[in-house]
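Peer 1: Sequence first, then the predicted structure, then my questions.
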Amino acid sequence: MIFDEIYSRYFRTIDKVIEIAIVGDLNKEKLRAIVNQNAFLESSFFIEEEIDSQNWNLITSDFKTPIKRKPSKQVTILQQRFLKTISMDKRFKLFSDIDFYYDVEPLFNSDDIIYFDKYHNGDDYDDPKYIENFRLLLDITKSSKAARITFISRKGKETTVLAYPKKIEYSQKMDAFKLVTNKYLININSITKINVVDKTNATDYKPKKSKVVVEIYDKRKALERCMIEFSVFEKTTERIDDETYRMNLTYYSEDETEIVIRLLAFGPYIKVLSPESFVNQIKERLYRQQTLK
Amino acid sequence: MAKYKELVKNFEMLRKYAYDFYINGYNTREDFTYKSLRSYDDVKRRVESYLHNYSYYDVNSSGKSVYITIDGQNTFYNPLHNLFKTKSFTKNDITLHYILIDILKNNKDLTVKEIVKIVEDDYFSHFDNVVILDSTTVRNKLESYTKKGIFGKVKVRSEVKYYYLEKPYIDSYRDAINFYTLDNPLGVIGSFFEYENTIFTFKHKYLYQCLDSEVVYDVLKAINEECLIKFDYYSTKQDKYLENTIIPLKLFFSVTGGRSYVFGYNIHRRKFVNLRIEKIKNTQIKEKCVLYDECTKESEKVLRNMWGTTIGTKLEYVKLTIKVEENEDYIVTRLNREKRNGEVTKIDDNTYQYYTKCYDARELLPWIRTYISRISNIETDNNKLYNDFYNGVEEMVKMYEVEI
């Protein structure tokens, strides 16, 4: 069972409370601060009540504890099995060569699961150069350093840029990793050379966002499909009547073509209402389609 | 009236409401009819507490609705994992959790009797309001934590003794854990390590799928153990849950549309089925299935002919002709990447053909529509597909008032 109190946010919070109480530093204010930082929005009310009443027999009225050793994180069998499972994944070698030493069964085998619409020919995780590049980029990103990165662009040209890596993005659809820098998105499988540079840049990668308003007609399960498919985006949806819904979707502007295509997939069961520039893209595609008839 | 509590005993209600708030977000309080309005108020309050940075109100012509929204592309963790950290517990659960671990970290190989004495002398003596500790309660907790891998036990001259299982924390796997917490279908277990991820984000990761983790866990267990699995499955037609028993064989996940399925053999209906995971609840793993190997072999034939998730009896073909311009190699690349069990052939520099044979060609319709503006011909033995596509385009042309 996954839903278990041993993984509860309350337990993680009490770990920290006891840690402070052991060194004699706990008081009412610190207790509240720990709870507010580690538990849920209303937890302060419930946890403080239990501690004030000494119901849990862990913290005394003068904020001391009979617990002698600092609580440490446990690694349950469930967690060990999770580690075993991921260590058997083809992408695991990007992270570690260390042998997994717990004697447990994995939670599942990779062929128990089929991602049926995943792209063919994702990144090559067996390629030693790819693994080397990935690990170096991971280090650079974690240490907020810069790098001069050489890669083959979409047009087949070798390009070198000074980049400040901010994060690494994975696409399950493409089965590929991208390096996200302050200015560039670079497919990791296109990188040929990396030179670490002793520079830092505090600018974050802040891509522009756009909005689109869509009307959905609840026929042929279009509403259900739409709600699930676009749940990955920030959205709000309003019921207009029994069969009509209006969705406001926020997406990253660089992905606009993809959003156009995804909305087209719903055929006549959705209608883009605004902005005009987006509607025009839909109209243009329909026009070109009709001229091919 | 029972006092409101922030934590919950079982996950199913939370799962149902969180799914609606996150996926739909348009239903008002009065739309939630499967339980009382008081239940709605309690669950809503809890979800707002667990996910307070992601839950909002919308007030419109239908009324007031609660919704959860997350920028899935820019999040370093899955906020919905918080919901799995809300299990309620008794006073003994939390008290014994800390005290027993502390005792066994400081002492090796103790019997239940020895442990109870230490609890009373060294821990409870600090408090005025203790309740007499029942040794059965302590034994049950020790056994439970032994099953979880926190304690070990050994028999010494017919006495059972418990000890703490020291496990090094896996810091060297931190990056992998952070990645797979978001990637893996049971990634919520990775979130229990409580590492902070500041590196990995995902493009189009269907965060809501974690709500089905308990079902996914049981199905995968049944697959591994080659057992039958029984569960309640929501029938949209009858608007109620019906009991199903199947031989589970695979899980299917869509990375473009987000839906997830259990593929298996329904022993009563005597056919292969693909069932939506979010409609499954109350899973029970049953006995080992003697037909498992035979079933797996039969399923290979079925899986080969599935384009997506539809299972049928006869195969239908689709031949899609696509036009590309000179600088549009990326369209051909896309076609090749998305071909699944089909084939792509070059007809000439500006024309490519996609061919596939599968159950129910109509399943391709949404995918075919993504190539609108380039489709010069569709040839298929499924007339509905042909008509739906071209009639659909006509309808859209009218809807958008496109002048041809």
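Peer 2: Noted; the coordinates are in hand.
Peer 1: Tell me, how many residues neighbour B:Tyr163?
Peer 2: Applying other CB atoms under 10 Å in any protein chain shown, we find 16 other residues in the vicinity of B:Tyr163. C-beta: built from backbone N, CA, C; applies to glycine.
Peer 1: Would you mind confirming that it makes contact with B:Lys105?
Peer 2: No: counting by CB atoms under 8 Å, B:Tyr163 sits too far from B:Lys105 to count as a contact (9.7 Å).
Peer 1: Can you tell me which residues in the stretch 251-400 of chain B are near chain A?
Peer 2: Near chain A, the residues belonging to the stretch 251-400 of chain B are B:251-259, B:263, B:303, B:306, B:308-309, B:323, B:330, B:336-340, B:365-367, B:369-370, B:372-376, B:388, B:392-393, B:395-397, B:399-400 when assessed by CB under 8 Å from any CB of the partner chain.
Peer 1: and these, which are buried?
Peer 2: Among these, those scoring as buried are B:251-259, B:263, B:303, B:306, B:308-309, B:323, B:336-338, B:340, B:365-367, B:369-370, B:372-375, B:388, B:392-393, B:396-397, B:399-400 (criterion: 16 or more other CB atoms under 10 Å in any protein chain shown).
Peer 1: Sort out for me which of the residues you listed are in strands.
Peer 2: Among these, DSSP state E puts B:Leu251, B:Phe252, B:Phe253, B:Phe263, B:Lys323, B:Ile375 in strands.
Peer 1: looking at this, B:Asp45 is in a helix?
Peer 2: Check again: residue B:45 is Arg, not Asp. Yes: following the definition DSSP: H, G, I helix; E, B strand; the rest coil, B:Arg45 is counted among the residues of a helix.
Peer 1: B:Cys273 falls within a strand, correct?
Peer 2: Quick fix: residue B:273 reads Val, not Cys. Yes: judged by three-state DSSP, B:Val273 forms part of a strand.
Peer 1: Quick check: phi and psi on the closest residue to it other than its chain neighbours?
Peer 2: Counting by CB to CB, 6 or more residues apart in numbering or on different chains, B:Asn266 is the residue found nearest to B:Val273 once chain neighbours are left out, at 4.9 Å. When read as degrees, to the nearest 10, the backbone of B:Asn266 gives phi -90, psi 120.
Peer 1: Over to the one 4 residues further on?
Peer 2: Backbone dihedrals for B:Arg270, given as degrees, to the nearest 10, come out at phi 60, psi 50.
Peer 1: which residues in chain A form helices?
Peer 2: Along chain A, the stretches classed as helices by DSSP state H are A:9-22, A:28-38, A:43-52, A:77-87, A:128-142, A:222-229, A:256-264, A:276-291.
Peer 1: Columns distance to chain B, mean pLDDT and mean neighbour count on top of these, output as a markdown table?
Peer 2: What follows is those, written out as a markdown table (distance: least, CB to the nearest CB, whole Å; pLDDT from 0 to 100; neighbours: other CB atoms under 10 Å in any protein chain shown):
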| stretch | distance to chain B | mean pLDDT | mean neighbour count |
| --- | --- | --- | --- |
| helix A:9-22 | 4 | 97 | 21 |
| helix A:28-38 | 10 | 96 | 15 |
| helix A:43-52 | 5 | 94 | 16 |
| helix A:77-87 | 4 | 95 | 22 |
| helix A:128-142 | 6 | 96 | 17 |
| helix A:222-229 | 5 | 97 | 21 |
| helix A:256-264 | 5 | 97 | 18 |
| helix A:276-291 | 4 | 97 | 16 |
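Peer 1: Any chance of those helices in CSV with distance to B:Leu83 as columns?
Peer 2: Formatted as CSV, the entries for the helices of chain A read as follows, by distance: least, CB to CB, whole Å:
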stretch, distance to B:Leu83
helix A:9-22, 10
helix A:28-38, 16
helix A:43-52, 14
helix A:77-87, 17
helix A:128-142, 29
helix A:222-229, 18
helix A:256-264, 28
helix A:276-291, 34
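Peer 1: Break down the stretch 251-400 of chain B into its helices, ranges please.
Peer 2: For the stretch 251-400 of chain B, the helices identified by DSSP state H, counting those that start in this stretch occupy B:292-304, B:329-337, B:365-369, B:383-399, in order along the chain.
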